[in-house]
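S.K.: Okay, sequence plus prediction incoming.
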Amino acid sequence: MQLHVNPSDELPIYRQIMHQITDAIAGGRMAPGEQLPSHRDLAGQLVIAPLTVKKAYDELERLGLIVTQRGRGTFVCERLPAVEPAQRRERLRDAAQRLLRQAALSTVPFEEVLSLLEEIQKGME
Amino acid sequence: MLDLLRRDPVTGSYALKFGAIIALNAGVMAGLAITLPAASSSFKLGRLGSLAFLAIFTWACLSIFLTFGKAWERCRPFDMALPISGRKLWLSHILALVLSGLTFLALAWGVLEALFRALGKTPLNPAQLRQALADLVIPVSVTLILVVVLLQSIRPSLYRVRLGHYYLICWIGIASAGLGLILALAVLPPLAALAPLVIAVWLGYRTYRSVPAAFTLIPLEAYGGEAAASSVQVGAVSSQIRARAWDQAGPGATRGAGFGWFLFRLLYLKPALNTFAALFLFPIIILWGFFLSGFLSAWRDIELPQFSNVILSGYLLLSFLPTQTKRLPLIDALPVSRRLLFAFLTFPSLLALSIGCGAGRIGAIVIEKSKLLVKYQESDSEYFPPYRTKSPMIRIPGQYCEIAWDGQPPEIRSPWGESHPVYQLPLYRGSRITVYSPFSTPEGSSPQFVALQISRAIRTIYGETVPYQEILNRYLEVSDNQGVRLKQGQLSLLANYPGLKPQGEIALFPALMLMIGVTWLFMTTVYLRACRASVTDAGRVVIFSILVAVAIGSSVGQAAAMVAGVVRPDVGAAFLRILMRNMADATPGGNLAVWIVCTLVLLGAYWIAQSQFQKIEVLPGRPTR
Amino acid sequence: MKVLEFNNVHRAYKRGVDVLQGVTFCLEAGEVVGLLGKNGAGKTTLIRIAMGMIEAQQGGVRIFGLDPRKDALEVKRRVGYVSEDQILPEFLSVAEVIRIHRGLFPTWDDGLERRLRERFELSPKARIKFLSKGQARQIALLCAVAHRPELLLLDEPAGGLDPSARREFLETSIQLLNETGTTILFSSHHMTDVERMAGRIVLIHEGRLLIDDVLDDLREKYSLVLVPHGPEGRRQQLQGLKGCLSVRDQGDALHAIFAYEPGRCRSVVERELGIPNAYCASIALEDMFIELVGGRS
């Protein structure tokens, strides 16, 4: 799967990677048990320091989303951890705030935002 | 126009630095020129000799200025962007060159003229040199103008001519022709100088017309085959061809001798201008060593200053160093030992000096083995011992004289009671220490006394005993005016007493190398101490100029002291030689001990300079502020 | 094991003009540290002191535990150095330069060299003096990297290069990081390059160390705070607050950098200055750099 990073983004690079992998797993684009690229491969591909990739992977592993097996590689966990509902909401809060602020600046009414969300939801299925 | 002149690359600091050095060098050369005729009776500069000597010296100084003094850079790159026509820039550059050249000439000639005038009252009387100087004014000026115009007519459209091998060879040709022109004009009537002047004006005008409105950085045609070929090669070649080229270029590493050659090229031969300087300087160092060695003295009795130019010799060896330290940033980041680099910086010039001096010494020793060291003759020479006389005197090499530390030399008494005062000269005016010849035969000596002195001289110099009666009978007779003279032309000792070998030879070579080497390494240490990041480039130039000034000042001072009669070089040289002989006699192992001590001291000085080199700070450029 | 150690390094070029004043930081094996600072802040001097080209007037520097002035040879064999103003001997050809480096570095890796020279499309006979700046820098990079150094010192290595050359430089460095885990100290003005490669940031300002922190922490733990202009002395008050690194007057408001995350900043500003809901946000590296060292601080 194709990851990309933007070094000047507010988010640190390792968090960008984490978010993208997490989104991919959540959206079903990465299946449980699928192999992730190694530190070096991903670092060379994205042109970032391998330690940054390692940091992202370590964090994801700590969260229980991926697992590294010695000598074999890094894989998406077979069984994903249950995420507490409160945590889930918190994760989305920032993104939601940004979305609504943007809508306010562009004077898009709330109903249109909702219909936009439904449209995207349908596209993802 | 004045503004342009001021901004011209020539009138930058380089030109001034060189100009000052050249003008001061005049004093040095004058010093050397004086001691030459003074030294030997057989060596006199005739009119042509004086002309040639001064012409070569003057033109050499000017050529150095024209080669290294930014003559090839017609304007600053900054000026190219300004709305000033190329012709104006070109003209101002020519003017700048001619004016600075004439200024330096005026300086140098001024110094020389003053010196010659001061010497005019002395017995040395360089009247011919003075006349030659006056004769050369117009020829040199006119030739300078012509050569400058010629130089600036080479590729007039470029703002700067890069001195590759081709242009250097052209320049050498032009410079040599220039010298010939000077000599020719000097002997021809003054009006002949009009011809080259007219040519210069005509050529200048033609080139002026052809200078484009703006200078260019690179010529329209390919600069040379190399650049064109490389620029095509880089990039537009298929990877297969490249791979093959790499296979051909081969693996392998540059080590050992190959690496040494790379270091040598880096430090001495590149860029092309440095090769020129090296080709110029190394032979000069070898010749300098040769003239110092005393070969000419042994061969033709031409005495040249040997010890008095030590500081100047040190400076000669030093002259590479500033350019070389500028090359160091190219390899400082690499794991190359600084000891190795220092060896490369020092050995070549030291070797050149040793070769010249060593060859000369070997030659001198070989000649002196078959040369008669005890002479009985008149001489015009001012050289000691002893002095210009009408009647014959015993003449021996300086080191067989003696030093009287209290000014009271012992009396020489013959077995029959005859004694005469010895001839002595003070070390310097007003000194108590004197150098005397123990074999003096002043006026009024009897033939027996003369024979006794000759016998004693043979005893001291050759170690053989020849009874004085034998000498008296064989060689001496009384002349008409009660003087003692030789029966035949020469004191033919070597023919009559084969197997005479001189004793008490002094180890001049290690002594000379030590004196010059230590002076040079001391100056190197001082300069290297200034090679730190906290010293600006200008500061380094100042320090180097001080060293130069000291070196040249010492020679000028020595010449002045000589002219004023405060010191005599022959006495000084004899003094040092006697000391060396005494030291060799006093130490066990004699000259071998002298060799060992000199080598050790030289190594010590080398080690000190090397440790200073290890501490220098090499910077590619000034750090940004 | 500490690969590179600066200990209270002082250096001045002219009397009274200090370039470095008491800089102390170190690098462990495998770290990648970005050295930031304005032109003239002392970055180049620091790297040159590490290489042994300049001597620290006070304090010391150690590479692999060695003194780069005394054990220059061993240090230089294990270090790779690329600098913006470094020049190779102009009269050599590319092949000759590589041959010389092969002879000087016993750890030369022929395979890596071949890969790099194919990637840079180098031609063996080209003379250094006729190459473009980018090509010369590529050769310098090859020579610095092909002997697999334990430490890479890069002094604005991509200075003056076009973006594709810069990217190649970056990729080569990353590759080296991947394969050998080299420790890297590099100074650069291209923030995006720094953000891609650096794990840690060291910021030198007017000869002093201003920031020495993990890059990701900088992003998350430092904030930009905008405070509207107010009564006299507000600026000093703001500056005096604990955790405030710098304050800049930017016409419309006072810009301040705090070493706290946005939320905490907001509560500090509200508590100390009585300004509720001041704008506090995390800040990208480039902007933080400008805030800290640019303009009137």
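M.R.: Nice, thanks for sending it over. These figures come from a predicted structure and were not determined experimentally. Residues are numbered from 1 along each chain as shown, chains lettered A, B, ... in the order given.
S.K.: what does the longest helix seen in chain A contact?
M.R.: Scanning chain A for the helix with the most residues, using DSSP state H, yields helix A:85-105. Helix A:85-105 is contacted by residues A:P109, A:F110, A:E112, A:V113 when judged by CB atoms under 8 Å, 6 or more residues apart in numbering or on different chains. For the C-beta atoms, the positions are set from N, CA and C on the backbone; glycine is no exception.
S.K.: Include secondary structure when you put these into CSV, please.
M.R.: Below are the contacts of helix A:85-105 laid out as CSV (DSSP: H, G, I helix; E, B strand; the rest coil):
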residue, secondary structure
A:P109, coil
A:F110, helix
A:E112, helix
A:V113, helix
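S.K.: what ranges do the strands span in the chain?
M.R.: Unless you meant another one, I'm taking chain A. For chain A, the strands defined by DSSP state E cover A:35-36, A:66-69, A:73-76.
S.K.: Let me rephrase: I mean chain C.
M.R.: When secondary structure is read from DSSP E, chain C shows strands at C:2-14, C:17-28, C:32-36, C:58-63, C:79-83, C:151-155, C:183-187, C:200-205, C:208-214, C:223-228, C:244-250, C:253-258, C:279-282.
S.K.: moving C-terminal of the host helix or strand of B:I94, what's the next helix or strand?
M.R.: Per DSSP states H and E, B:I94 falls inside helix B:86-120. Next in sequence after helix B:86-120, counting helices and strands by DSSP H and E, comes helix B:127-152.
S.K.: Packing partners of that following helix?
M.R.: Packing partners of helix B:127-152 (3 or more CB pairs under 8 Å, 6 or more residues apart in numbering or on different chains; DSSP states H and E): helix B:47-68, helix B:86-120, helix B:165-187, helix B:194-210.
S.K.: cutoff 10 Å now
M.R.: Under the contact definition 3 or more CB pairs under 10 Å, 6 or more residues apart in numbering or on different chains; DSSP states H and E, helix B:127-152 sits against helix B:13-39, helix B:47-68, helix B:86-120, helix B:165-187, helix B:194-210.
S.K.: can I get these in TSV with mean pLDDT and mean neighbour count?
M.R.: Below are the helices and strands packed on helix B:127-152 laid out as TSV (pLDDT from 0 to 100; neighbours: other CB atoms under 10 Å in any protein chain shown):
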stretch	mean pLDDT	mean neighbour count
helix B:13-39	58	20
helix B:47-68	77	20
helix B:86-120	78	19
helix B:165-187	84	16
helix B:194-210	85	15
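S.K.: Among those, which comes closest to chain A?
M.R.: Nearest to chain A among the helices and strands packed on helix B:127-152 is helix B:165-187 (45.9 Å), distances taken as CB to the nearest CB.
S.K.: what angle do that closest one and helix B:194-210 make?
M.R.: 150 degrees (axes from the mean of the first three to the mean of the last three CA atoms, to 10 degrees).
S.K.: before we move on, back to that, now the strands of chain A as a markdown table including mean pLDDT?
M.R.: Below are the strands of chain A laid out as a markdown table (pLDDT from 0 to 100):
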| stretch | mean pLDDT |
| --- | --- |
| strand A:35-36 | 90 |
| strand A:66-69 | 88 |
| strand A:73-76 | 88 |
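S.K.: okay, the contacts of helix A:85-105 in JSON lines with neighbour count, distance to chain B and pLDDT next?
M.R.: Putting the contacts of helix A:85-105 into JSON lines (neighbours: other CB atoms under 10 Å in any protein chain shown; distance: CB to the nearest CB, whole Å; pLDDT from 0 to 100) gives the following:
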{"residue": "A:P109", "neighbour count": "10", "distance to chain B": "56", "pLDDT": "89"}
{"residue": "A:F110", "neighbour count": "10", "distance to chain B": "55", "pLDDT": "89"}
{"residue": "A:E112", "neighbour count": "11", "distance to chain B": "55", "pLDDT": "90"}
{"residue": "A:V113", "neighbour count": "15", "distance to chain B": "52", "pLDDT": "90"}
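S.K.: what about chain A, any weak spots by pLDDT?
M.R.: Within chain A, the stretches with pLDDT under 70 are A:1, A:82-88, A:91, A:125.
S.K.: That one: helices as residue ranges?
M.R.: Remark: helices assigned in chain A by DSSP H are A:13-26, A:39-46, A:50-62, A:85-105, A:110-124.
S.K.: quick one: is the first one near chain C?
M.R.: Yes: judged by CB under 10 Å from any CB of the partner chain, helix A:13-26 comes into contact with chain C through A:I13, A:Y14, A:R15.
S.K.: Which one of those residues is nearest to C:S164?
M.R.: Nearest to C:S164 among those, counting by CB to CB, is A:I13 at 21.3 Å.
S.K.: domain ranges for chain A?
M.R.: Following automatic domain parsing, chain A resolves into domains at A:13-76, A:85-124.
S.K.: Let's have these in JSON lines, adding distance to B:L427.
M.R.: Below are the domains of chain A laid out as JSON lines (distance: least, CB to CB, whole Å):
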{"stretch": "domain A:13-76", "distance to B:L427": "78"}
{"stretch": "domain A:85-124", "distance to B:L427": "98"}
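S.K.: got a list of what the closest residue to B:G444 other than its chain neighbours touches?
M.R.: The shortest distance from B:G444 to any non-neighbouring residue, by CB to CB, 6 or more residues apart in numbering or on different chains, is to B:H420 (6.9 Å). Each residue near B:H420 by CB atoms under 10 Å, 6 or more residues apart in numbering or on different chains is listed here: B:411-414, B:440-446, B:449, B:453.
S.K.: Can you add distance to chain A and give the helices and strands packed on helix B:127-152 back as JSON lines?
M.R.: Compiled in JSON lines, those are given as follows (distance: least, CB to the nearest CB, whole Å):
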{"stretch": "helix B:13-39", "distance to chain A": "47"}
{"stretch": "helix B:47-68", "distance to chain A": "49"}
{"stretch": "helix B:86-120", "distance to chain A": "48"}
{"stretch": "helix B:165-187", "distance to chain A": "46"}
{"stretch": "helix B:194-210", "distance to chain A": "55"}
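S.K.: okay if I get those helices as TSV plus distance to A:S38?
M.R.: Shown next, in TSV, are those (distance: least, CB to CB, whole Å):
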stretch	distance to A:S38
helix B:13-39	60
helix B:47-68	60
helix B:86-120	63
helix B:165-187	56
helix B:194-210	68
